[in-house]
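In: sequence and predicted structure, then a few things I'm wondering about:
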Amino acid sequence: MMNEEKLLTVARYLEGDMELQEKQEFETLLQVDEELKSLLAEYKNVHQTLKMKIAPSEDDKEVEATLAAFGKQYFKDQEHSSARVVTLRPYLRWISVAAILVIGLFVWAPWSVNLYEKYSISKEMSVVERGADTKNNLEKAADLYNAHDFSAASAVLAQEYTLSPENTLVAYYYGITLIETGKENDARSILTKLYEGESVFKYDAAYYIGLSFLKQKDNQQALEWLAKIPQGTANYDKAQELSKKLH
């Protein structure tokens, strides 16, 4: 079940819009699905907060009227929308819609980007430094990379990669800077060569190829590459954890 479906299901469950069998199935799933538990808690919190902030001292009918007006302003022509519509009980219906919207802003829109940032593994580029006055291009690239100036770092690493494409460290970090600057296809071309070789970056490269697809919201391809990370390697646990979030 994807995140949008889970959140809509949570809304229906809390609004009492499920038949008994569906409710029992949901509660069974709730016992083993940590993400579903988290969404349930978030929804309850947002739902109650919206009710208190929009009409803290009014009765439920007035709250419903307030939210209905809110809905007319922000959810016009919903009946003509191609988006999935879930029927909730009329009672506090617009709070439900608003709660889904608020949580959605955090769960759906930045989902891929946030996961990419959370599961990135090479936060810093390390090279042997020779001193501030005698830095070579690789050291300069590392400084730029570690300052998160990926565009400038990529330009320097591109030069180094052209000169020494067999340098696996250069290839690896150059690939990452390409992902960071929106050149995922170019990055995958370089990182795939690393994966097909036998360098120490072999599975790190596979992991970042997976992240590159994640960044482009291609979860299926991301899952295929994350599955290439074998048990016992450094990124296996992270790959498994991320895979569960993408299913």
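Out: All right, it came through fine.
In: what's the closest non-adjacent residue to residue 247?
Out: Excluding the flanking residues, the one nearest residue 247 by C-beta to C-beta, 6 or more residues apart in numbering is residue 223, at 7.4 Å. Every C-beta, even on glycine, is put in place using the N, C-alpha and C of the backbone.
In: what's the one helix or strand that neighbour maps to packed up against?
Out: Secondary structure assigned from DSSP states H and E places residue 223 in helix 219-226. With contacts taken as 3 or more C-beta pairs under 8 Å, 6 or more residues apart in numbering; DSSP states H and E, helix 219-226 sits against helix 202-215, helix 236-246.
In: export those helices to JSON lines and tack on distance to residue 156 and mean pLDDT?
Out: Output for the helices and strands packed on helix 219-226, formatted as JSON lines (distance: least, C-beta to C-beta, whole Å; pLDDT from 0 to 100):
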{"stretch": "helix 202-215", "distance to residue 156": "19", "mean pLDDT": "96"}
{"stretch": "helix 236-246", "distance to residue 156": "28", "mean pLDDT": "94"}
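In: and those, which is most packed in?
Out: Comparing the helices and strands packed on helix 219-226 by mean neighbour count (mean count of other C-beta atoms under 10 Å), helix 202-215 ranks first with a mean of 25.
In: which residues does it contact?
Out: For helix 202-215, the external contacting residues (C-beta atoms under 8 Å, 6 or more residues apart in numbering) are 112-113, 115-116, 119-122, 172, 175-176, 179, 184, 187-188, 191-192, 194-195, 219, 221-226, 228-230, 233-235, 238-239, 242, 246.
In: can you turn the buried part of those into a PyMOL selection?
Out: The PyMOL command for the buried members of those (criterion: 16 or more other C-beta atoms under 10 Å) is given here:
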select buried, resi 112+115+116+119+172+175+176+179+184+187+188+191+194+195+219+222+223+225+226+229+235+238+239+242+246
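In: specify the residue ranges that define each domain of this protein.
Out: Split into domains by automatic domain parsing, the chain comes to 3-109, 114-246.
In: which residues of this structure score low on pLDDT?
Out: Across the chain, the ranges flagged by pLDDT under 70 are 1-4, 15, 46-113, 128-134.
In: again, only this time at 50
Out: 1-2, 54-59, 63, 66-67, 70-71, 73-95, 105-110 (pLDDT under 50).
In: now the helices for it?
Out: Secondary structure of the chain, counting by DSSP state H: helices at 3-14, 20-30, 34-54, 60-74, 93-107, 111-119, 137-146, 150-163, 168-180, 184-196, 202-215, 219-226, 236-246.
In: angle of the helix holding residue 223 against helix 202-215?
Out: In terms of direction (axes from the mean of the first three to the mean of the last three C-alpha atoms, to 10 degrees), helix 219-226 departs from helix 202-215 by 170 degrees.
In: hmm, who's touching helix 219-226?
Out: The contact list for helix 219-226 (C-beta under 8 Å, 6+ apart) reads 206-207, 209-211, 213-214, 239-240, 242-243, 246-247.
In: recalculate using a threshold of 7 Å.
Out: With C-beta atoms under 7 Å, 6 or more residues apart in numbering as the test, helix 219-226 has contacts from 206, 209-210, 213-214, 239, 242-243, 246.
In: could you dump it to CSV, C-alpha only?
Out: This file holds the C-alpha atoms of helix 219-226, laid out as CSV (Å, rounded to 0.1, in the frame of the first residue of the first chain):
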residue,chain,number,x,y,z
ASN,A,219,10.7,3.7,-7.4
GLN,A,220,10.6,0.5,-9.4
GLN,A,221,14.1,1.0,-10.8
ALA,A,222,15.3,2.2,-7.4
LEU,A,223,14.1,-1.0,-5.9
GLU,A,224,15.8,-3.1,-8.5
TRP,A,225,19.2,-1.5,-7.8
LEU,A,226,18.8,-1.5,-4.1
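In: when you give positions from now on, start the count at 623
Out: Sounds good: first residue 623 from here, last item helix 841-848.
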